[in-house]
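1. Provide a 3D model corresponding to the input given below.
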Amino acid sequence: MRPRDAMWLALRDFYANSWRLLSVNAALGVVLVASFLATVAVPAAAIVVLAAGPVTAALAHCAVTLVRTGNLALTDAWEGLRLHWRRGLALGAAGTALLLLGFLAVRTYASASLWPLAMLTVYVVVLLGIYQLVLWTLAIAEAERPLRSLAREALLVVGQRPGSVLMLGLALLLVNAVGVAAAVMPFLTLTVAYTFLAAAHFLLEPTSEDTV
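-> Alright, predicted model coming up:
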């Protein structure tokens, strides 16, 4: 599916199921805000952010379920949390480590006025973030397969469709950036759910109703 079509279908699905997706996305937002506030107070409390991994997995499960079946219930979020909390912890830890290392590298290069290296680091982090979005979607959609195998498949997907994957990833990055710029809550309650819906439409087999 083309990135444009995936984003359009994601918008349609989000509109039709907004109150269900908002509740799960809001829970993710609460965890992220709580971990941030805890880290500001006590830096060692940064480990709390790992709790966002299972909640993110539940949100991704809702997106996958909606794309595959065309239906979504609040119980699907609980089912996703039950099924994928371990995988969510692993992927969440990897994503957190990526962001932390990227932040430290950019700050180090910027303080040393090595701006080309700082910009290169940002570029690499963005590409790895797009790869992680593909991996998250596949990992939740095919929970019976080992994560290592899915990591290779995600790399293969990116390699086979680099232009489309990059286009979708950058478009979703822009959507999230606009959400952050507008206010924190739109980012925490709208754009993350929309991002997973668009990725699921792009990567998974569509339902019979997925026509644009």
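2. List the contacts of residue 56.
-> Residues near residue 56 by CB atoms under 8 Å, 6 or more residues apart in numbering: 28, 88, 91-92, 136, 192. In this view, the C-beta of every residue, glycine as well, is placed from N, C-alpha and C.
3. Can you list which of the residues you listed are found in strands?
-> Under the assignment DSSP state E, the contacts of residue 56 contribute nothing to strands.
4. Looking at the residues you listed, which gets the smallest pLDDT?
-> Note: of the contacts of residue 56, the lowest pLDDT belongs to residue 28, at 76.
5. what's near enough to touch that residue?
-> Applying CB under 8 Å, 6+ apart, the residues contacting residue 28 are 52, 55-56, 59, 188, 192.
6. Can you lay out those as JSON lines showing secondary structure and distance to residue 145?
-> Shown next, in JSON lines, are the contacts of residue 28 (DSSP: H, G, I helix; E, B strand; the rest coil; distance: CB to CB, whole Å):
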{"residue": "52", "secondary structure": "helix", "distance to residue 145": "23"}
{"residue": "55", "secondary structure": "helix", "distance to residue 145": "22"}
{"residue": "56", "secondary structure": "helix", "distance to residue 145": "19"}
{"residue": "59", "secondary structure": "helix", "distance to residue 145": "20"}
{"residue": "188", "secondary structure": "helix", "distance to residue 145": "30"}
{"residue": "192", "secondary structure": "helix", "distance to residue 145": "24"}
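7. could you flag which of those residues are buried?
-> 52, 55-56, 59, 188, 192 (16 or more other CB atoms under 10 Å).
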